[in-house]
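>>> please work out how this folds:
(2 chains)
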Amino acid sequence: MLSINQLLTKTKGDRVIWITVILLTLISSLAVYSSTGSLAFKYQGGNTEYYLLKHLSIFLVGIGIMYLAHLVNYKYYSRVAQLLLIISIPLLAFTLFFGVDINNAKRWLTIPIINLSFQTSDLAKLALIMYMARVLSKKQETIKDFKTGFLPAVIPPLIICVLIAPSNLSTASILFATCILLMFIGRVKLKYIFSMIGAGILALALIIIIALFTPFHARVLTWQSRIDNFMNDDKGSYQVQQAKIAIANGGIIGSGPGNSKQRNFLPTPYADFIYAIIIEEYGLVGAFIIVALYLLFLQRCIKIFIKSPGAFGAFLAIGLSFALVFQALINMAVAVNLLPVTGVTLPLISMGGTSIWFTSISIGIILSVSRYVEQEDQKQHVQTA
Amino acid sequence: MTKTKSIILLRISIAYLAMLVLGLSILYRVFHLQTVEGAYWRSLSDSLTTRYVTIDADRGNIYASDGKLLATSLPVFEIRMDFKAEGLTEDVFKRDIRNLSEALSGLFGNKTAYEYYTELSVARKNKERYHLIKSNVSYVELQQLKQFPIFKLGRNTGGLIVLQHNKRVYPYDYLAKRTIGYVRDNNIQPVGIEAFENALLKGIPGKQLMQKAGNGIWLPLNDEQEVEPIHGKDVYTTLDVGLQDLAEHALMKSLLKHNAHHGCVIVMEVSTGKIKAIANMGMIKDSVYRELMNYAVGEALEPGSTFKLASMLALFEDGYIKPEQIVDVELGRKVFFNQVMKDAEEHGFREISVRSLFAHSSNVGVSKLVYQYYSKNPDKYLAHLRRLNLDQLTGIEIPGEKKPRIKTTKDTDWSKVSLPWMSVGYEINMTPLRLLTLYNAVANNGKMMKPYLIESVREYNNIIQKNEPVVVNPQIASEQTIKQLKQIMEAVVIEGTAKNLYNPYYSVAGKTGTAQIANNAGGYNNKIYQSSFMGYFPADNPLYSVAVVINNPRNGVYYGSAVAGPVFKEIADNVYASNLNINTKPVVTNNKSILKLCSGSKQDIETLYREFGMAVPASVNSNWITPVISDSSIQIKEMAHKDGSVPNVVGMGLRDALYLLESKGYQVRFTGYGYVKSQSLKQAVNNETNHLIELTLGI
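Predicted coordinates:
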């Protein structure tokens, strides 16, 4: 007990963020436990605890990573961002050609010695957001200038997103959109923002055309069918249809923990469509709580921004939190069929391995900024007192 | 707060607002899906998600009386392929498709590797999710198939879908097919024991509430809703595979020889009423016969002369006549009310004994006697028939047994000539099995047994139902009557129409039938012949009663003795030859004739002589000897077989003949039972020894 107390006193940063993250983790555990039934039947001979325990241990490690990351002074992350970004570019290129092929998409790299697979896009995403915080905070003076302000901010996202796009167009698009959002916040001229949105759309078209004539055309077919399904078919694809049934089954208060029927119909209910399963079990109330928790999290990060004395820390908190919440909202929008199927996970809730740890790192970094803000606060209080 | 920071904060607020709007849209969308569209989506849910799946019970087996398997269920598999299986990538498919095609072609041999390659490539292109590769795949084949390229990756990566069905298998194929029967789907009338005992055989299917989990995977929902299937029971029949095979072959031979339309044979165990064999053959096209219908129990035609046994029983039992009594059979022609009664075979008899008129199957004789004694009171005659249960179903365990018809005097179609015509087997309808029970009862000293096919029903080899022989009537007639009936039936073989069935080794009793009956179709102008023989053997201690009925022989020969008789004889001969226990008839032939048969090994022959208490003739110095019979003595000679000539094995037992010929390097084939009657090769051809010799056996 003593050690836990010690750990708690050492744990700094915004308590609300900590609690929000823990709550999301708990909800995640319930939803994953419920939705891995068929997976357990298929691969573990009906041992449904297998996936729960695996998921919980990943989370425990994740919270450990979060804790460690928040102990580091956030200022170091400026340097780390630069370094990671430089590493990510060749890694992404390597993955594109030599990665592990799942569903015609090469997204995964295996770290040789420890034999751990991770999506290079997760790493690149983290690096890019951190790097954006660095650039936007450093270039605030000249941000309205095209050459010295805009170009340094726009080139890294372009490179990264173009490298991610062939294997994971939705992640690339969302990441690019997040970067535009950050540039908007970072006072980049609206004229540039809009022209960039135009350029983004143009790039998207170009990528699709290029991909059609290269070995990646299988992916194009997937994109095509997903968009076709969304645009043309009223009833939607099988996945969407099943998700809708789940949501309709849920009602206001849901059918109760572990009572989802649709988990057996929805392909991979523990990943992309976990929000639909949560709604089926916890109803509209559950749907609201999830959205509210993410927005609360975002709000707390904005509070860090307001309180943060340093520009880099402020942008870091804003950048990482917006990226996370934006992805969460996109995922939920897909689950309720507001957007076509993308394949992005619900951060902190979907079952996953290393991607959870990347999320943990980014929350850890936010908490590190928060910790610093708290310390400054205390100093001010001391000074005023 | 600096000005820059407040501008940034404003923009953050706008961004936050955007997020908030997105969040609220999501919640609104959820609300919309639950309320406005809710009913629609929920209605889809129930029909899609759960269903009761029937778990088939294993169907029980059907066995012969000696435990040989007559019908069983084997699992067979249907192989399908999901070309859009999640993990079946283009790389794997392209790399292994050729190997898979070759393996499939090698295993099944029904298509070339190239044909498989084309088929699979097209299916892949069309993204078929349930492509049929092959049905009727055995378990052994499935095990091999699971090791094939692509398929060895399993369901999710290799797209292999395996569906199991149970297939009914009949190890003896056509043997007693109609009696064993079948139960099929799609509204085909089930027949035979399979149908009769269907409820026991099929068991009770289980039920399981299943929930769909993605692509064709159904998972049990929970344990309480499961109903375990109860597997079917095994049925042990009274059928004897050997006798059944014998009966079918003998019947087939006669049908082919006489170009008959159809026929049936029943072999019943006298003391119990057990059906040991029941063969039914109908022509499907020239010279091709199949078990089309169970004529033995499903066809009730006019039996003809075989029915005379019932008439004689009535006459004897009422004490009106005696076997030795002399009757005027009027040269085989008599008029009853303008209707002419004729005997089937012309004979020059006028005054003969009752025994002889039965033996020669005189219609005039029998009808005259019946008319003489019963025309005043036909019901008295009819009461006899009813007491013999001849108007009742036998209750055999085969669905669709035809009920016999015996007219009553009150029936509208009763006429003055009904009585005389009925007395010789016309104007009545009866299945062969029904009439056989009467013959069986006479053979069984008056005790009438219920014929039955099912001996026991077992579950996991524990007997749960056992059928014991059922006595229908413990004494159908007085001992005196039975004795007289036996006597006149033996006369049929000794002096009458079935002299061709006589043999010196065992005695036979029975009755021939040569009837001209209305065709099945009904037209009276269209009369066909029906040749039959019913009887039992050995006459003095009956083991089996046999009915042979052959319908519409079309090669000019139609007498019961010539068409049906040989079928009976072949069955009786073979039973006799393979079952020495029934050889109760003392051998009355002289010693010479029996020993004449015995060429063979010197040691065996000398043993035989000693066993019969005869002096062993002076021997010669050879291993193979031939007894030579002169009028007064038997001499032993060395069997002559010089090198280069084929040993003469005629008269030898099969064992000796095989030994002798095969030791000389000949290949031997044989047909029949008993001793060697003839051999196909007597002289060596060009000194070749590796030659085929065919032996015909007989007794």
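
>>> show me the shaky parts of chain A.
The model of chain A has pLDDT under 70 over residues A:1-4, A:37-46, A:100-106, A:112-113, A:115, A:211-212, A:214-237, A:383-385.

>>> quick check: longest helix of it.
helix A:274-307 (DSSP state H).

>>> can you pull the buried residues of that one?
A:274-284, A:286-291, A:293-305, A:307 (16 or more other Cβ atoms under 10 Å in any protein chain shown). All C-beta spots, glycine's among them, are computed from the backbone N, C-alpha and C.

>>> that one vs chain B: in contact?
Yes: part of helix A:274-307 sits near chain B under the criterion Cβ under 8 Å from any Cβ of the partner chain, namely A:279, A:284, A:287-288, A:291-292, A:294-295, A:298-299, A:302, A:305-306.

>>> so which elements touch that helix?
Contacts defined by 3 or more Cβ pairs under 8 Å, 6 or more residues apart in numbering or on different chains; DSSP states H and E place helix A:274-307 against helix A:15-35, helix A:238-250, helix A:311-335, helix A:354-384, helix B:3-35.

>>> now the ones you listed in JSON lines, with mean neighbour count and distance to B:Ala359?
Below are the helices and strands packed on helix A:274-307 laid out as JSON lines (neighbours: other Cβ atoms under 10 Å in any protein chain shown; distance: least, Cβ to Cβ, whole Å):
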{"stretch": "helix A:15-35", "mean neighbour count": "20", "distance to B:Ala359": "90"}
{"stretch": "helix A:238-250", "mean neighbour count": "25", "distance to B:Ala359": "85"}
{"stretch": "helix A:311-335", "mean neighbour count": "26", "distance to B:Ala359": "97"}
{"stretch": "helix A:354-384", "mean neighbour count": "20", "distance to B:Ala359": "102"}
{"stretch": "helix B:3-35", "mean neighbour count": "17", "distance to B:Ala359": "95"}
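
>>> tell me which of the ones you listed sits nearest to A:Lys138.
Among those, helix A:311-335 comes nearest to A:Lys138, with 7.6 Å by Cβ to Cβ.

>>> what's the burial count for the closest residue to chain B within the stretch 251-385 of chain A?
The minimum distance from the stretch 251-385 of chain A to chain B, using Cβ to the nearest Cβ, falls at A:Asn264 (3.9 Å). Using other Cβ atoms under 10 Å in any protein chain shown, the number of residues around A:Asn264 comes to 23.

>>> repeat for B:Glu317
18.

>>> so what's the gap between the longest helix of chain A and the chain middle?
14 Å (Cα atoms, centre = their mean, to the nearest Å).

>>> quick one, it and helix B:3-35 angle?
Here helix A:274-307 runs at an angle of 160 degrees relative to helix B:3-35 (axes from the mean of the first three to the mean of the last three Cα atoms, to 10 degrees).

>>> got the angle between helix A:274-307 and helix A:311-335?
Going by the same axes, to 10 degrees, helix A:274-307 makes 160 degrees with helix A:311-335.

>>> ok and helix A:274-307 relative to helix A:354-384, angle-wise?
Using the same axes, to 10 degrees: helix A:274-307 against helix A:354-384 is 30 degrees.

>>> for chain A, what is the nearest residue in the stretch 501-650 of chain B?
B:Ser578 (56.6 Å).

>>> ok, now how distant is that residue from B:Asp245?
Distance, B:Ser578 to B:Asp245, using Cβ to Cβ, to the nearest Å: 12 Å.

>>> quick one: which of these two has more around it?
B:Asp245 (16 against 13).

>>> look up phi and psi at that one.
phi -60, psi -40 (degrees, to the nearest 10).

>>> tell me which helix or strand B:Thr412 sits in.
Counting by DSSP states H and E, there is no helix or strand that carries B:Thr412.

>>> what pairs with the longest strand belonging to chain A, parallel or antiparallel?
Looking across chain A with DSSP state E, the single longest strand is strand A:105-111. Sheet pairing for strand A:105-111, assigned by DSSP bridges, gives strand A:100-102 (antiparallel), strand A:116-119 (antiparallel).

>>> what's in contact with it?
With contact meaning Cβ atoms under 8 Å, 6 or more residues apart in numbering or on different chains, strand A:105-111 is reached by A:91, A:94-100, A:102, A:116-121, A:167-168, A:219.

>>> now swap in stretch B:482-497 and tell me
B:309, B:312-313, B:316, B:322-323, B:345, B:354-356, B:358-361, B:442-443, B:445-446, B:476-477, B:498-499, B:501-502, B:507-512, B:535, B:539, B:559-561.

>>> again, but for stretch A:316-326
Contacts of stretch A:316-326 (Cβ under 8 Å, 6+ apart): A:74, A:77, A:125, A:129-130, A:132-133, A:136, A:174-175, A:177-178, A:181-182, A:185, A:294-295, A:297-298, A:301-302, A:304-305, A:308, A:347, A:359, A:362-363, A:365-366, A:369-370, B:12, B:15, B:19.

>>> so who does the residue in the stretch 51-200 of chain A positioned nearest to chain B touch?
Per Cβ to the nearest Cβ, A:Ile185 is where the stretch 51-200 of chain A lies closest to chain B, at 4.8 Å. Going by Cβ under 8 Å, 6+ apart, A:Ile185 touches A:136, A:315, A:318, A:322, B:8, B:11-12, B:15.

>>> now with 7 Å, please.
A:318, B:8, B:11-12, B:15 (Cβ atoms under 7 Å, 6 or more residues apart in numbering or on different chains).

>>> next one: phi and psi at the residue nearest the centre of chain B?
Centroid-nearest residue in chain B, with Cα atoms, centre = their mean: B:Ala176, separated by 0.5 Å. Main-chain dihedrals, B:Ala176, degrees, to the nearest 10: phi 50, psi 30.

>>> next up, the contacts around it.
B:239, B:244, B:278.

>>> repeat that for 10 Å
B:62, B:64, B:70-71, B:170, B:192-193, B:237, B:239, B:241, B:244-245, B:247-248, B:275, B:277-280, B:291, B:294, B:453 (Cβ atoms under 10 Å, 6 or more residues apart in numbering or on different chains).

>>> of those, list those near chain A.
Taking Cβ under 10 Å from any Cβ of the partner chain as the test, chain A is in contact with none of the contacts of B:Ala176.

>>> of those residues, buried ones?
Buried, going by 16+ other Cβ under 10 Å: B:62, B:64, B:70-71, B:170, B:192-193, B:237, B:239, B:241, B:244-245, B:247-248, B:275, B:277-280, B:291, B:294, B:453, out of these.

>>> so which of those residues belong to strands?
Checking the buried ones among the contacts of B:Ala176 against DSSP E, those in strands are B:62, B:70-71, B:237, B:275, B:277-280.

>>> which among those gets closest to A:Tyr238?
B:Ala71 (43.9 Å).

>>> how about the nearest residue to the closest one, chain neighbours excluded?
B:Ile62 (4.0 Å; Cβ to Cβ, 6 or more residues apart in numbering or on different chains).

>>> mind checking how far the one you found is from B:Asn462?
17 Å.

>>> repeat for A:Arg263
In terms of Cβ to Cβ, A:Arg263 sits 45 Å off from B:Asn462.

>>> for these two, indicate the residue with more neighbours.
A:Arg263 (27 against 7).

>>> just to be sure, that one is in a helix?
Yes: under DSSP: H, G, I helix; E, B strand; the rest coil, A:Arg263 sits within a helix.

>>> and the helices in the stretch 51-200 of chain A?
A:76-98, A:120-138, A:151-164, A:169-185, A:190-212 (DSSP state H, counting those that start in this stretch).

>>> most tightly packed of the ones you listed?
Among the helices of the stretch 51-200 of chain A, ranked by average contacts under mean count of other Cβ atoms under 10 Å in any protein chain shown, first place goes to helix A:120-138 (a mean of 25).

>>> mind giving me the packing neighbours of that one?
helix A:76-98, strand A:105-111, helix A:151-164, helix A:169-185, helix A:311-335, helix A:354-384 (3 or more Cβ pairs under 10 Å, 6 or more residues apart in numbering or on different chains; DSSP states H and E).
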